[in-house]
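K.L.:
next one to model:
(one chain, ligands or ions: 1)
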Amino acid sequence: MTEWEKIQWNQIAWRKRNDGIDFYQTPERCVEKLLEKIQFLWNILEPCSWAGAISKILEKKWYSIISQDIRTDDWVYWTKWINFLECNCVFDNIVTNPPYFIAKEIVQKSLDISKDKVCMFLKLSFLESIDRYKFFKDTPLKYVFVFSKRPQLYPEWIEKPKNWWTIAYARYIREKWYEWSPMIDWIR
Ligand SMILES: C[S@@+](CC[C@H](N)C(=O)[O-])C[C@H]1O[C@@H](n2cnc3c(N)ncnc32)[C@H](O)[C@@H]1O
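P.N.:
Model (predicted):
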């Protein structure tokens, strides 16, 4: 990446953090490690794909994937510009790292429109909260894969926000018709 591109990235990162829509990108390692654990059948939607961190790796593995995002800027990697919460579509699998401030809504929408797996990259603390108790009971997770090493969601060279620190993350997998207790495993 050139110096000019890095400056552009920093500007976009700054804008995205400040307009509240969420900038964080999924590290390559987190997608590759997931694919060691889970395979997908048929098509996949990445509904919040932005720069395509997840989509590009799934494409490399020959998955049939559609990428969408609400954002439009120079870095987007999508086939459709769309607000996922208003999306009138059906897909076999949904894989994303959703914006955290509407994570539950994105998960719920994914469950409504998917025919097989819903796979989310989210903070480990997403498991908590009184509000989500019923949500997890009503739509049980099949797997929780905890990242033993906290992922670094900013590239090394990017200007970090002032109060920046690493956060514990996990992969949350739901599968249609799975109705037992979740299974837990760790990703190194
Ligand atoms: C945390 S980033 C993740 C980007 C990408 N999925 C990745 O893993 O690197 C969340 C993305 O969700 C997008 N987004 C926010 N609200 C959305 C909505 N209602 N519909 C679709 N995309 C949305 C943002 O523009 C942002 O690009």
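K.L.:
local confidence estimate at the closest residue to T72 other than its chain neighbours?
P.N.:
Closest residue in space to T72, ignoring its immediate chain neighbours: W81 at 5.5 Å, by C-beta to C-beta, 6 or more residues apart in numbering. (Each C-beta comes from the backbone N, C-alpha and C, glycine too.) Note for W81: predicted pLDDT of 81.
K.L.:
partners of W81 in the sheet?
P.N.:
D69 (DSSP bridges).
K.L.:
that one and C48, how far apart?
P.N.:
Summarising the geometry, the distance separating W81 from C48, computed by C-beta to C-beta, to the nearest Å, is 12 Å.
K.L.:
show me where this protein has strands.
P.N.:
For the chain, applying DSSP state E gives strands covering 44-46, 65-69, 80-81, 93-96, 117-123, 143-147, 169-175, 183-187.
K.L.:
A103: which of the ones you listed is closest?
P.N.:
Shortest separation from A103 across those is recorded for strand 117-123, at 5.8 Å, computed as C-beta to C-beta.
K.L.:
that closest one packs against which elements?
P.N.:
Contacts of strand 117-123 with other secondary structure elements, assessed using 3 or more C-beta pairs under 8 Å, 6 or more residues apart in numbering; DSSP states H and E, are made with strand 93-96, helix 103-113, strand 169-175.
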